[in-house]
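Novice: Next comes the sequence, and after it the predicted model I'd like to discuss.
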Amino acid sequence: MKVAFCWLNGGLVLMIATRLLPTGLIQFHASVSKGLWYAAATPSRRTCCRRCGAHPQ
């Protein structure tokens with residue numbers, strides 16, 4: 001049971017590092033350089049997702 005728990009936590013950390021962190025860093029950079037409204041706009045989120053390889057929802 002301990003091994004399964006460790007693998008589950010490792011998978012969650014890997015998901016955060018590969019999916020959420022790059023998009024968050026791109027949006028943070030956009031909010032600092034161009035403003036919060038630009039970073040929160042739908043087109044900029046789609047652009048961020050395309051850069052990271054994820055598909056927008």
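Specialist: Received it, and whenever you're ready, just let me know what you need.
Novice: Over to Phe28. Which of the three states is it?
Specialist: helix (DSSP: H, G, I helix; E, B strand; the rest coil).
Novice: which residues of this protein fall in helices?
Specialist: 2-15, 21-34, 36-40, 42-52 (DSSP state H).
Novice: Kindly reformat those helices as a markdown table containing mean neighbour count and mean pLDDT.
Specialist: In this view, the C-beta of every residue, glycine as well, is placed from N, C-alpha and C. Below are the helices of the chain laid out as a markdown table (neighbours: other C-beta atoms under 10 Å; pLDDT from 0 to 100):
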| stretch | mean neighbour count | mean pLDDT |
| --- | --- | --- |
| helix 2-15 | 9 | 94 |
| helix 21-34 | 14 | 86 |
| helix 36-40 | 13 | 80 |
| helix 42-52 | 14 | 55 |
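Novice: Dead centre of this structure: give me the residue that sits there.
Specialist: Leu20 (2.4 Å; C-alpha atoms, centre = their mean).
Novice: what residues are up against that residue?
Specialist: By C-beta atoms under 8 Å, 6 or more residues apart in numbering, the contact set of Leu20 is empty.
Novice: do you know how far Ser33 is from Ala39?
Specialist: Ser33 is 9 Å from Ala39, where distance means C-beta to C-beta, to the nearest Å.
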